[in-house]
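A.B. asks: 3D, please:
(chains A and B)
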Amino acid sequence: MTGPLVVAAAVVAIALAPLVASTYHVLLMLPFMAYAVVLLGLNLLLGYAGLVSFGHALFIGIGAYTGAFLTSHFKIRSLEVILIAAAALGALVAAPVGALCVRYVKIYFGMLTLAFGMVFYTFVLKFYRLTGGDEGTPFLRPSLLGRSLEAMPKTDYLVGPYYYYSLGVLVVATLCMWRIVHSPFGLCLKTIRDNPAKAETLGIGVTRFRFHAFVISAVYAAVGGALLGPPIGNVDPTLAYWTHSGNIVFMTLLGGFTSFFGPVVGAFVFIYLQNWVMSVVPYWRLIFGAILAAIVIFAPGGLLGLVRPGRAAVRAAGRRGAGAPPAESRP
Amino acid sequence: MILVAEGLRKLYGEFCALDGVSLGVGAGEFVSIIGPNGAGKSTLINILTGLTPPSAGTVRFKEREIHGLGPVGLARLGMARSFQLVHIFPDLTVLETLQAAVVARLGRGTRLFASLAGDRDVQREALEVAELFRLSDKRGALARHLPQGDKKLLDVASAFALRPEIILLDEPTSGVSTADKTAVMETLVEASKRIGLQAILQVEHDMDIVFAYSDRIIALHQGKVLADGPPSAIQADRYLIDTVIGRRARTH
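C.D. replies: The predicted model follows:
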């Protein structure tokens, strides 16, 4: 019962944050919640299907630009419509990209996703008339549950209704992902992660399951991307740049990809750590590089692996080498 | 015959691993393939299970050409296999491994939001197989933490959980202590009866096991079928025993 209690306490703490924490810290929670949604999806691919994507910023970008286009060009302000459209577009783009990428594994899969991410980045950067190029496209304030909230000061809007709306989306996304990873589908994904050749002999179609996982993770990334838009107010190509993909992989490793909530914890720690380090030293990437190296070497199970050593740590250590299942590769 | 292979040939560059192998396995048969190392036994099993395409020849399972079906299609058609080297899911528990096989057999793998824990059919069948293979008391253990013999048993048990019509076992007792080999084979035979398995085709080096359990033995040598007959006929052929097994084995 410890696990559910900790999760419930965390949700209550997040819900109470606007009442007790400073506006500055509450505003930092907005990207955390958006990234948490993204990472829940990314970890379906990494932690449960065993595929490392270096191109998921593509889908974050799709979600964010969907919101920006709908609010700026089509005068659609409903965040519900934006989220649904982002999810649909994310799935639509993920289908052909995933159909090609999931036929490959390991570094080949990672490089292919990176390549598609860079194609999208170049597209939004160079098609100035459509996307605004490096200046980006404004993401106008969306209405929430049919309420326009235009008259509200921006900060009040973000730390009030928008904050709780984001929390609601995060809770729903978490519950959905929890069901997915504890479903027969989730079990099949784990067999593929552990030993694809054996999974096939049991009648589990490896490519098909990887494809489904890829599309679901893209939908989560697009929804998270759409949630990132309103606090920023302007969507530009950096959201789709490959370093952004690297950041979300970092967040996943930081929290621990071997546990369900690891990436969510990783997002939280990353956001606050980045903010603090940037305020102290100008070369924050140097610090973060050292942290990443330390995690991979000393804590392969991530932060949650340190708190809950056991199955998670064993799994992570196993995947680094010792006792790993037969390797599968395809050039 | 539910499994028929005709004129199988497999070339790896200039090396001919299989050269015109033909065989059949009928309903109710327990067939063993024997032969020295390099005879082509594992290559034959891999071709029969769709893992490796033959350079020439055909394989028919339940009167259907298996070319292009692949392991997934064959599993759905009723063919299961276990590997010479243990193939497990290291980070899954014993029960999860068996559940995965049952989920695949029942075609429930695409149920995104269904509760696995609440699927009574899957739970019941997985527990039945665990009991059948005496793995019930280890059902919560991670596969990677099992002793080698239990890993082998789990590998075979997961294949049985598919409730196949035929099962191809690549050295089912390798890695199992000599004392436990008979127990493993007895478990296999008992499980076969319980699930209504029609045929078993195994590759095995332990001749005591081969002669004790087989209805028919196929001897391979240098990629060719040297003999195909009942255990009594194989045992009586001294030349064959010397060639396929070696003189030392005959004296046992």
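A.B. asks: tell me how many other residues surround A:His182.
C.D. replies: 17 (other C-beta atoms under 10 Å in any protein chain shown). For every residue, glycine as well, the C-beta is placed using N, CA and C.
A.B. asks: check contacts around it.
C.D. replies: With contact taken as C-beta atoms under 8 Å, 6 or more residues apart in numbering or on different chains, A:His182 is in contact with B:Ser115, B:Leu116, B:Ala117.
A.B. asks: buried residues in stretch A:81-88?
C.D. replies: Of the residues in stretch A:81-88, A:Val81, A:Ile82, A:Leu83, A:Ala85, A:Ala86, A:Ala87 count as buried by neighbour count, 16 or more other C-beta atoms under 10 Å in any protein chain shown.
A.B. asks: can you pull the contacts of the residue lying closest to the last one once chain neighbours are set aside?
C.D. replies: Counting by C-beta to C-beta, 6 or more residues apart in numbering or on different chains, the nearest residue to A:Ala87 once its immediate chain neighbours are dropped is A:Val219, at 4.7 Å. Applying C-beta under 8 Å, 6+ apart to A:Val219 gives the contacts A:Gly41, A:Phe59, A:Ala87, A:Gly90, A:Ala91, A:Ala94.
A.B. asks: reformat those as CSV; add pLDDT and secondary structure.
C.D. replies: Shown next, in CSV, are the contacts of A:Val219 (pLDDT from 0 to 100; DSSP: H, G, I helix; E, B strand; the rest coil):
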residue, pLDDT, secondary structure
A:Gly41, 96, helix
A:Phe59, 97, helix
A:Ala87, 98, helix
A:Gly90, 97, helix
A:Ala91, 97, helix
A:Ala94, 97, helix
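A.B. asks: farthest pair within those?
C.D. replies: A:Gly41 and A:Ala91 (11.4 Å; C-beta to C-beta).
A.B. asks: what touches both of these two?
C.D. replies: A:Ala218, A:Val219.
A.B. asks: so which of the two has more stuff around it?
C.D. replies: Taking other C-beta under 10 Å, A:Gly41 and A:Ala91 do not tie; A:Gly41 has more neighbours (31 against 17).
A.B. asks: under the pLDDT cut-off, which ranges of the chain? List them.
C.D. replies: Using chain A here. A:1, A:308-331 (pLDDT under 70).
A.B. asks: sorry, should have said chain B
C.D. replies: In chain B (pLDDT under 70), the answer is B:246-252.
A.B. asks: repeat the analysis, applying 50 as the threshold.
C.D. replies: Chain B contains residues with pLDDT under 50 at B:248-252.
A.B. asks: and the residue of chain A nearest chain B?
C.D. replies: A:Gly203 (3.4 Å; C-beta to the nearest C-beta).
A.B. asks: over to that residue. Which of the three states is it?
C.D. replies: What DSSP: H, G, I helix; E, B strand; the rest coil gives for A:Gly203 is coil.
A.B. asks: cool, and B:Glu6?
C.D. replies: Of the three states, B:Glu6 takes strand under three-state DSSP.
A.B. asks: I figured it hits B:Gly20, correct?
C.D. replies: No: shown here, B:Glu6 and B:Gly20 do not form a contact pair, counting by C-beta atoms under 8 Å, at 9.2 Å.
A.B. asks: what residues are shared contacts of these two?
C.D. replies: Common contacts of B:Glu6 and B:Gly20, defined by C-beta under 8 Å, 6+ apart, comprise B:Gly57.
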